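Peer 1: Coordinates for the following, if possible.
(one chain, ligands or ions: 1)
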Amino acid sequence: MTDPNAPNVLSIQVDRATDAPIGDQIHASLRQAILDGRLAPGQRLPSGRDLAAQLGVARGTVRVAYERLIAENLVFGAGPAGTRVGARPPVGRANDEAPLDGPLAAFTRPYSSTPLPFQMGVPAHDAFPTKLWARMRARAVRADAITYTAYADPRGEPALRAQIASHLAVSRQMQCHPDQILVTSGYRHGLMLALTALRAHGRKAWIEEPGYPLGRRALELIGAALEPVPIDAEGMRVKDGIARAPDAFLALVTPGQHAPLGVTLSPARRHALLDWAAAREAWVIEDDYLGELQLDGRAAPALAAGEGANRVIHIGSFSKTLSPALGLGFVVAPRSLAERLVEVSAVLAPAPNRTTQLAVTEFLADGHFLRHLRRMKALYAERRNLALAHVSEFLPNSLAAGLGVIAPLPQLADDNAIVDVARAHGLAPSALSAWHLRRTHAQRGLLLSVTNLRLDNIDAACAKLASIVASH
Ligand SMILES: Cc1ncc(COP(=O)(O)O)c(C=O)c1O
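Peer 2: Numbering: from 1, shown residues only. Just a heads-up that it's a prediction; the model follows:
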């Protein structure tokens, strides 16, 4: 007789070749089995240990999947009677409430409103100048209410564009006119403007391997053909890009500090990239997400500074330097593209929220931004040194990278499973393999942002992570 709890009866399919974390796949299969009625109310689920052994996955991965089902009221813990299926949810309701679990689930998964230890992409929660910012926002709300009843400039407030141009001259050595600047709701908005203006559909684009998954996905959504180019200690291996796809029309790069490995594009590679773009009339999109926020030494000038800048679209963001909650960034267009970008912005996606723009203008004009960056650099450097010392004790090959630490793992390790388990324990490391297009050859590892590690939580966070890693 067939065991009703065998994974094949439950149709649990674990596909290690896809982008979806294994824990998510187990959760989705069980969820579907419950909703389809293949698992009846009251029926006992296999024990976590049994299911993990049958599927060949870590016990923690199964436990996290069960915990999610419990949180959704689909199953309940019945003590010694195991984990059992709950009363059948009303038809339709569960589907309406089903979480969207696509390939980017790891990036859209709800976090607590207070960022978790190791969570990437967020600044120090405890060091944001809340009072100062609240004052500036209040003033901006009043100014906005009194002044405007008309459409705003789709490129953004002129005063903010002027402040950004001055700041870029000082911090990124870029010479640009405020009319080349478009204010956006962040990097992703800027990327959308650029890809639309460049008509990227159906054309080849170099991307970094590994590289920022949302940038890669943006190119896929717009219908570009991706050519992953490897990264080494000098950044993107431009020669490899030229060998594989010399006719690409675009390269999407993080030359200042590679995301996520942290290396800076070497001077030789910068020249090679800009020479290729000039010769081929190709475009380079510079993702300058960290700007001058570099913890070791002075940040290299932007790729869009100096010779060759006429082929570079520079995209900046206040997400890391201030906060992603602001939803503010900017594009600096080369002169030849500026009008087309303005058209795309005016027609499809103009500059966002004028109040935030006015508040950030004052923040820049009064010198608070430079002061804040200086403080954050010192704070993050301290947190990174401390974290590296702790993490190196249980993952000895760990390295500092950008605003975090990278802990490489053996090729057979399942970094996604470790991440799933860590999330259930209130930690938010990221899996290095998820930053690769070619998942089968992907490097495994943990990306550990240090921005939210404080003296009062670092010991506990590192100890917990150490025990999770040890159990894998
Ligand atoms: C590589 C990279 N680019 C850009 C961004 C910022 O994106 P946005 O300005 O859309 O928040 C991030 C944030 O995590 C990032 O890691």
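Peer 1: Please export the C-alpha coordinates of stretch 260-269 as PDB.
Peer 2: In PDB, the C-alpha atoms belonging to stretch 260-269 read as follows (Å, rounded to 0.1, in the frame of the first residue of the first chain):
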ATOM      1  CA  PRO A 260      27.800  42.100  -4.100                       C
ATOM      2  CA  LEU A 261      31.600  41.400  -4.100                       C
ATOM      3  CA  GLY A 262      32.700  45.000  -3.300                       C
ATOM      4  CA  VAL A 263      35.600  45.200  -5.800                       C
ATOM      5  CA  THR A 264      36.200  48.500  -7.700                       C
ATOM      6  CA  LEU A 265      36.600  48.300 -11.500                       C
ATOM      7  CA  SER A 266      40.300  48.800 -12.100                       C
ATOM      8  CA  PRO A 267      41.600  51.700 -14.200                       C
ATOM      9  CA  ALA A 268      42.600  49.400 -17.000                       C
ATOM     10  CA  ARG A 269      39.100  47.800 -17.100                       C
END
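Peer 1: any idea how far it is from the chain center?
Peer 2: Relative to the centre of its chain, stretch 260-269 is centred 19 Å away, using CA atoms, centre = their mean, to the nearest Å.
Peer 1: Just confirm yes or no for it near the ligand.
Peer 2: No - using CB under 6 Å from any ligand atom, stretch 260-269 never reaches the ligand; the gap is at least 7.6 Å. C-beta here means a position set from N, CA and C on the backbone, and glycine is covered the same way.
Peer 1: Now do the buried residues in that stretch.
Peer 2: If you call a residue buried by 16 or more other CB atoms under 10 Å, then stretch 260-269 has these buried ones: Pro260, Leu261, Gly262, Val263, Thr264, Leu265, Ser266, Arg269.
Peer 1: Can you lay out the residues you listed as CSV showing secondary structure?
Peer 2: Listed next are the buried residues of stretch 260-269 as CSV, based on DSSP: H, G, I helix; E, B strand; the rest coil:
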residue, secondary structure
Pro260, coil
Leu261, coil
Gly262, coil
Val263, coil
Thr264, coil
Leu265, coil
Ser266, coil
Arg269, helix
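Peer 1: out of these, which one sits closest to the ligand?
Peer 2: Of all the buried residues of stretch 260-269, the ligand sits closest to Pro260, with 7.6 Å by CB to the nearest ligand atom.
Peer 1: before we move on, the earlier item: and which of the buried residues of stretch 260-269 is nearest to His177?
Peer 2: Leu265 (25.5 Å; CB to CB).
Peer 1: Leaving aside the residues adjacent along the chain, what's closest to the closest residue to the ligand within the stretch 351-472 of the chain?
Peer 2: Closest residue of the stretch 351-472 of the chain to the ligand, CB to the nearest ligand atom: Gly402 (8.7 Å). Leaving out its chain neighbours, the residue that sits closest to Gly402 by CB to CB, 6 or more residues apart in numbering is Gly262, at 4.2 Å.
Peer 1: Now do the contacts for that neighbour.
Peer 2: Contacts for Gly262 (CB atoms under 8 Å, 6 or more residues apart in numbering) come out as Leu399, Ala400, Ala401, Gly402, Ile406.
Peer 1: And it, how far from Ala299?
Peer 2: Separation of Gly262 from Ala299 (CB to CB, to the nearest Å) stands at 12 Å.
Peer 1: so where does Val284 fall, helix or strand?
Peer 2: strand 283-288 (DSSP states H and E).
Peer 1: got any ranges where this structure has weak pLDDT?
Peer 2: Across the chain, the ranges flagged by pLDDT under 70 are 1-10, 19, 88-113, 148.
Peer 1: Would you mind listing what in it touches the ligand?
Peer 2: Going by CB under 6 Å from any ligand atom, the residues of the chain near the ligand are 121, 186-188, 212, 254, 259, 287, 289, 317, 319, 324, 329.
Peer 1: most neighbours, which of these?
Peer 2: Counting neighbours by other CB atoms under 10 Å, Thr254 leads the residues of the chain next to the ligand with 28 neighbours.
Peer 1: how about the nearest residue to that one, chain neighbours excluded?
Peer 2: Using CB to CB, 6+ apart, the nearest residue to Thr254 is Asp287, at 4.7 Å.
Peer 1: List the contacts of that neighbour.
Peer 2: Counted by CB under 8 Å, 6+ apart, Asp287 has contacts Tyr187, Leu191, Tyr212, Gly215, Leu252, Val253, Thr254, Ala259, Ile315.
Peer 1: Name every strand pairing with the strand holding Val284 and say which way it goes.
Peer 2: Its sheet considered, strand 283-288 pairs with strand 250-253 (parallel), strand 312-317 (parallel) by DSSP bridges.
Peer 1: can you pull up the bridge partners for Ala251?
Peer 2: Bridge pairing for Ala251 - DSSP bridges - gives Trp206, Val284.
Peer 1: Can you tell me the element Ala278 falls in?
Peer 2: helix 267-280.
Peer 1: which secondary structure elements does that helix contact?
Peer 2: strand 235-236, helix 238-244, strand 250-253, strand 283-288 (3 or more CB pairs under 8 Å, 6 or more residues apart in numbering; DSSP states H and E).
Peer 1: circling back: just the buried ones from the contacts of Gly262?
Peer 2: Ala400, Ala401, Gly402, Ile406.
Peer 1: Mind checking which of these are in strands?
Peer 2: Ala400, Ala401, Ile406 (DSSP state E).
Peer 1: Distance of the second one relative to Asp288?
Peer 2: Ala401 sits 17 Å away from Asp288, going by CB to CB.
Peer 1: Also the first one?
Peer 2: Taken as CB to CB, the spacing of Ala400 relative to Asp288 amounts to 20 Å.
Peer 1: now the strands: where do they sit in the stretch 351-472 of the chain?
Peer 2: 399-401, 404-408, 430-431, 445-449 (DSSP state E, counting those that start in this stretch).
Peer 1: Equivalent analysis for the stretch 101-250 of the chain, please.
Peer 2: Ranges of strands in the stretch 101-250 of the chain, per DSSP E, counting those that start in this stretch, are 181-184, 204-209, 225-232, 235-236, 250-253.
Peer 1: orientation of the longest one relative to strand 204-209 in degrees?
Peer 2: Yep, that's strand 225-232 we're talking about. 30 degrees (axes from the mean of the first three to the mean of the last three CA atoms, to 10 degrees).
Peer 1: Taking the stretch 151-300 of the chain, what residue is nearest to the ligand?
Peer 2: Residue of the stretch 151-300 of the chain nearest the ligand, by CB to the nearest ligand atom: Gly186 (2.9 Å).
Peer 1: Help me confirm that that residue comes into contact with Gly329.
Peer 2: Yes - judged on CB atoms under 8 Å, Gly186 makes contact with Gly329 at a distance of 4.2 Å.
Peer 1: shared neighbours, those two?
Peer 2: Ser317, Phe318, Ser319.
Peer 1: got the residues you listed as CSV, with distance to Gly445 columns?
Peer 2: Output for the shared contacts of Gly186 and Gly329, formatted as CSV (distance: CB to CB, whole Å):
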residue, distance to Gly445
Ser317, 25
Phe318, 28
Ser319, 23
